[in-house]
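1. test case, fold it:
(chains A, B, C and D, ligands or ions: 4)
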Amino acid sequence: MSEISYAQALNQALDLAMAADPKVFVIGEDIGHHGGVFGVTKGLWEKYGAQRIIDTPISETGFLGVAVGAASVAFRPVAEIMWVDFTLVAMDQIVNQAAKTSYMSGGRVKVPLVIRTQEGAGRGNGAQHSQSLESMFAQVPGLKVVAPFDPADAKGLLTAAIEDDGPVLFLEHKLLYNRKGEVPEGRHVVPIGKARVRREGSQLTLIALSRMVAYAEEAAAELAKEGIDAEVIDLRSVVPLDMATLEASLRKTGRAIIVHEAHQSFGWGAEVAARLMDSCFYDLIAPVQRVASKDVPFPFNRTLEAFVMPSVAQIVATGRSLMNDY
Amino acid sequence: MSEISYAQALNQALDLAMAADPKVFVIGEDIGHHGGVFGVTKGLWEKYGAQRIIDTPISETGFLGVAVGAASVAFRPVAEIMWVDFTLVAMDQIVNQAAKTSYMSGGRVKVPLVIRTQEGAGRGNGAQHSQSLESMFAQVPGLKVVAPFDPADAKGLLTAAIEDDGPVLFLEHKLLYNRKGEVPEGRHVVPIGKARVRREGSQLTLIALSRMVAYAEEAAAELAKEGIDAEVIDLRSVVPLDMATLEASLRKTGRAIIVHEAHQSFGWGAEVAARLMDSCFYDLIAPVQRVASKDVPFPFNRTLEAFVMPSVAQIVATGRSLMNDY
Amino acid sequence: MSQTQPDWRIDAYRDMVRIREFEETSAKLYTQGLVGGSLHLAIGQEGTIMGTVGALASGDQITMTYRGRGHALAKGADPFALFAEILGRQGGTSRGKGGPMHIYDPEVGVMGTNAIVGAGIPIAVGLALAAKMEGASRVAMTAFGDGAVNQGAFHEGLNLAAIWDLPIVFVCENNLYSEMTPIKDAVRNDSLTERAQAYRIRAVTVDGNDVEAVREVAEQAIARARAGEGPTFIECMTYRYVGHMLGDPETYRSKEEVQSWKERDPILLLREKLLREKAATKTQLDAIEAAAREEIAQAADSAQKSPEPQLEEALDDVF
Amino acid sequence: MSQTQPDWRIDAYRDMVRIREFEETSAKLYTQGLVGGSLHLAIGQEGTIMGTVGALASGDQITMTYRGRGHALAKGADPFALFAEILGRQGGTSRGKGGPMHIYDPEVGVMGTNAIVGAGIPIAVGLALAAKMEGASRVAMTAFGDGAVNQGAFHEGLNLAAIWDLPIVFVCENNLYSEMTPIKDAVRNDSLTERAQAYRIRAVTVDGNDVEAVREVAEQAIARARAGEGPTFIECMTYRYVGHMLGDPETYRSKEEVQSWKERDPILLLREKLLREKAATKTQLDAIEAAAREEIAQAADSAQKSPEPQLEEALDDVF
Ligand SMILES: Cc1ncc(C[n+]2csc(CCOP(=O)(O)OP(=O)(O)O)c2C)c(N)n1
Ligand SMILES: Cc1ncc(C[n+]2csc(CCOP(=O)(O)OP(=O)(O)O)c2C)c(N)n1
Ligand SMILES: [Mg+2]
Ligand SMILES: [Mg+2]
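-> Residues are numbered from 1 along each chain as shown, chains lettered A, B, ... in the order given. Ligands and ions are numbered 1, 2, ... in the order given. The predicted structure follows:
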């Protein structure tokens, strides 16, 4: 174990995977000499060369297609889309190609591809650089979707994603890259599709993803001061959804709040809520609540942006009302 | 009123809108001389000429961008994307441009654009030509999303969409084009964001969209034979969601099944279920159920395809179980 | 001119006949309602297919379009498995789950037809990158229509192949129409080679119905790719006799135009040439045709008798 | 050579200075933490901006990139509203909701900067189509970088403009880098005009730091567009002195390279020429500079003092 940043943890995962398997390569914009705009690929170009750390022109459809092709003949490309907002210029290669090839070929062609990108608001980047699109990808059969919060999970999930035989959307968060944490040295795998209980509690379950886990933890600490005992679960993977862990918690607490940065309406929180209603109908003391971004594009002005995003105060207020009103 | 097909109803809406407003034009592939691969634009090229019925090369990003540009200077383009599956090559223009321009410009540039396309499975078209993607678009603030089932609504909603000052995703269904119905002559407007109760019932609410409304109606007829009195609601618009109509029904029935062709997980049914749980928590006799496509790409084989899609039998069985098990 | 031997032409003749038979039989099955969705036939384009795909080695790999069962046959796919696929049977190339627009047969290098115009192009560039990274001598080829050159994926794919000097051959099957749109409405170019030259990719136009001419340029392109000399773009001028898909009313072109192309039918042209040059006798060619017909008929027959997949199979192969 | 009069050069000089001042002041505000997100400056590229956008009439319309506040100024936007926007204030061009990457000012023809590379190109083609459909004489212009030419939207947009003969000018600001990637790693071309010629679009390369040279080709292109003679592509060779965005460590280029471009600074070049040709005196130009500085400083100051939007404003303008 050593204390390193989220970005360094990702870098370690890439480095170890590349050292272990010559079929792993990284492809994207400004990832080589420059080391990636968020520094995740730093030093890899020097170590593995331009043949395996491949800088591309601004051609997301082109290089994702290239990655799909190489993956279909047993390479394990890790493609970096600089901002998740740019996946929208390459959705066909993600949704119609990468995600469907295994099925359309009757399982004869696998696409072990990782698409790394970063999402999230909170930096004043405006409407085209602040989205959280995990709910869009989650709808697509054939894609796995993960979004780590803590550095150890970042390393472990990226390793699992690279070793997975199908396409994985790997969503980092622009405001987590500098977050530090204890990270196991050497190869470290965290299985895709497993949520993690970060704080145990008996009265209220907070389910969060990516940077919102920090908000949930803060809210839990606040609620504790008011005598409300909240459990905090880091979902980690949106697909597959670890319903067993969520249900176990709900059976205990009877109340849940889902927290995500994706827009509230039609976001993944709705799916979790609908499933929990179904499986824990008689356990629910109150309707499952969601605290998520308001249904508007992200405004540039920082005050407005914060107003549109979920807040710790909102989680706390929602938790309080779940305890008092039901 | 006259009995015409869904395709003819759409054609009338386009024709009347073009006759009434010189700013309306239609743009897409094979829509001119050929009249569109599903025949919706038939006769319009002859009537309005190649200047207003604009055939394009296979360049969805290009011509949607063109439509956004023209819309931003007060034209009212109706862009046809031949199959909804192809929106994926042009998602940036839909999600980052059309949907966000009004907001990003502080309301100074409006984009009165209609994107017409068709979705749905059931014709053996395979994984890349059978998707229902309305839940993806529903997540995007700034887009309205409608999907008419009956011919009169097709005409009325398309008219409303063209007259709307923002971008509207208008989703037709490939297996509804030949469906006939009574359609008002002359200008006919159905407001966006209003569901329609097609059959009143007291015990169970069936909420469906597009072609699945027919399935819900068949299921309701079946259930009636078993003495179960189901209400059938055609949602018509996914965004904005007409929760008032749905809630009124739920308060009465206490039970609901949502039926959609989009994949079940992370589909719009989850949003409806989550909202109903929240607003009708104490009215719910049973958890809101979903009957939707299984979470796999659409297989080509027709038997498998039918197995993956929702079925009348499934709706009936789910209804029965809601009545008996809760 | 060509250094190729007569024997390959006999083989090409056989395969062109096989492809035509396959397509015509498919049309019959479709008309009988046995094939779901839409069916896009390559009848008339066999010279282009055999001239290009026929010039590849068995380890080489291809991607192509919804109009691509012929390419798969040319690359060595089993006609039974292809028929089984378009009939949605368990023995199909994709176990009946892909259908006519989604043909994969990785063992013979068929890495996918594609129902999204242009999408197979960057994927093939990825196959070529993989070959180069492995230091393998194999080559990638991707076939697409004249309409595909207007799609972003074409543009991005060609530029990447160019800057990375990849072992790939781009085959543009210019049949003068994209669906119902004539090429003159879609591009300003006299020749689509202009589009490839924009990336500094070597480009040539060839009579796509003259299989020998196509084969010659394809062999050069493949040899160069194999030698590490980068990509080539080949525009093959050809024509489809049938509509864009079965059921197309074909109001966008005249019967005379179709007829004039049929007079330059690639199979006919090769047959006449083989006879004229005495490279084969009429008896020989007739025997080849009969055998091809027989093979295809039997494959279609067996496929029709073969089992459908089990329902549970709908749920596997997702990831 | 040029038939233009000295007066426009004086105006251009003034506007180039205004743009530079605006950008440098923006950098200061950003460094003070007053601007959110990232900031991409056009310092060094003023010759290209004024040569192209400066040649437009007031009714003409433009789209451009995240590096586009200078273009907006050149088109007539108010520096106060631009500062207010990058500071997120209510008086901003988008009421503080757009930010530096999303500048719209429809009254002066600024139809949007764009944070997605290439996306503004087909949108501008749509502006041109609208002009043509209205029978209006206005022209569209779209400015983008050398990196944008590799994006699908570029390709699709240019082809549509070509086949429809639209009144548009494509301005490629070739500053030799896309973010940290040198152009030689992104394309094989010696000149990006090759890319435009692929669609049969008239194309020319010009010294982007020589505002007179740029203006001359831009005027011709605009005149042709206005006369219904279709699109033109102009490649302007220029350079940004600052990193891709503020904070860019700039390890991809040498100090010498930057210095060599500064010696050909567009403002300096024009100043020297005006003095050499005695089209203006040093006193005149100094006065212009002082006035520009004063104007920009005041605009920035007022903007900083102006109010933020109300919270509820976050919820309007969605549709
Ligand atoms: C992105 C996309 N847009 C539109 C279509 C619908 N479509 C299918 S085939 C076709 C025409 C293709 O023409 P071309 O590339 O010339 O190939 P051909 O069919 O002539 O072989 C079109 C428009 C599609 N499949 N994908
Ligand atoms: C589709 C897309 N991909 C990547 C980016 C990230 N990005 C922003 S600017 C830029 C470089 C653009 O270079 P160029 O077109 O030369 O314009 P310049 O910045 O030099 O003016 C990149 C890669 C983006 N904004 N959009
Ligand atoms: Mg064609
Ligand atoms: Mg540049």
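2. make sure residue A:181 is indeed in a strand.
-> Yes. If the criterion is DSSP: H, G, I helix; E, B strand; the rest coil, then residue A:181 is within a strand.
3. surely it touches residue A:155?
-> No. The criterion here is C-beta atoms under 8 Å, and residue A:181 misses it with residue A:155 at 9.6 Å. For every residue, glycine as well, the C-beta is placed using N, CA and C.
4. now the strands: where do they sit in the stretch 151-300 of chain C?
-> C:168-174, C:177-178, C:181-182, C:202-207, C:232-237 (DSSP state E, counting those that start in this stretch).
5. winner for burial among those strands?
-> Neighbour counts averaged per stretch over those are highest for strand C:168-174, at a mean of 27; criterion: mean count of other C-beta atoms under 10 Å in any protein chain shown.
6. of the strands of the stretch 151-300 of chain C, which is nearest residue D:277?
-> Judged by C-beta to C-beta, the one of these that comes nearest to residue D:277 is strand C:202-207, at 47.5 Å.
7. so residue A:181 and residue A:155 - more neighbours on which side?
-> When residue A:181 and residue A:155 are compared for neighbours, residue A:155 comes out ahead with 29 against 19, by other C-beta atoms under 10 Å in any protein chain shown.
8. now the more buried one. Nearest residue, chain neighbours left out?
-> Distance criterion C-beta to C-beta, 6 or more residues apart in numbering or on different chains; nearest residue to residue A:155, sequence neighbours excluded, is residue A:9 at 4.0 Å.
9. report the contact partners of that neighbour.
-> The contact partners of residue A:9, taken as C-beta atoms under 8 Å, 6 or more residues apart in numbering or on different chains, are A:151-152, A:154-155, A:181, A:183.
10. which among the residues you listed gets closest to ligand 3?
-> residue A:154 (46.8 Å; C-beta to the ion).
11. check contacts around the closest residue to ligand 3 within the stretch 51-200 of chain A.
-> Proximity of the stretch 51-200 of chain A to ligand 3 (C-beta to the ion) peaks at residue A:92, 19.6 Å away. For residue A:92, the contact set (C-beta under 8 Å, 6+ apart) comprises A:61, B:86, B:88-89, C:116, C:119, C:153.
12. which two from these end up farthest apart in space?
-> A:61 and B:86 (13.3 Å).
13. higher neighbour count, the two?
-> Neighbours were counted for residue A:61 and for residue B:86 using other C-beta under 10 Å; residue A:61 has more, 30 against 21.
14. what's the closest non-adjacent residue to that one?
-> residue A:90 (4.5 Å).
15. and for residue A:148?
-> Closest residue to residue A:148 apart from its sequence neighbours, by C-beta to C-beta, 6+ apart: residue A:154 at 4.2 Å.
16. again with residue A:39
-> Using C-beta to C-beta, 6+ apart and skipping residues adjacent in sequence, the residue nearest residue A:39 is residue A:7, 5.3 Å away.
17. any idea how many residues pack against that neighbour?
-> For residue A:7, using other C-beta under 10 Å, the count is 22.
18. so how far is residue C:196 from residue C:233?
-> Distance, residue C:233 to residue C:196, by C-beta to C-beta, to the nearest Å: 3 Å.
19. overlap in contacts of those two?
-> Contact criterion C-beta under 8 Å, 6+ apart; residues shared by residue C:233 and residue C:196: C:158, C:170, C:202-203.
20. out of the residues you listed, who's nearest ligand 2?
-> residue C:158 (18.0 Å; C-beta to the nearest ligand atom).
21. quick one: contacts for that closest one?
-> Going by C-beta under 8 Å, 6+ apart, residue C:158 touches C:121, C:170, C:195-196, C:199, C:201, C:231, C:233.
22. count the neighbours of residue A:5 for me.
-> The burial count for residue A:5: 18, using other C-beta under 10 Å.
23. among the contacts of residue C:158, which ones lie close to chain A?
-> Counting by C-beta under 8 Å from any C-beta of the partner chain, residue C:121 from the contacts of residue C:158 sit close to chain A.
24. max pairwise distance over the contacts of residue C:158: which two?
-> Spatially, the most separated pair among the contacts of residue C:158 is C:195 and C:231, at 13.1 Å (C-beta to C-beta).
25. and those two? which has more neighbours close in?
-> residue C:231 (29 against 26).
26. my read is residue A:258 is in a strand, agree?
-> Yes. Counting by three-state DSSP, residue A:258 is found in a strand.
27. where along the stretch 101-250 of chain A do the helices fall?
-> Applying DSSP state H, counting those that start in this stretch to the stretch 101-250 of chain A gives helices spanning A:101-104, A:134-138, A:151-163, A:212-225, A:243-253.
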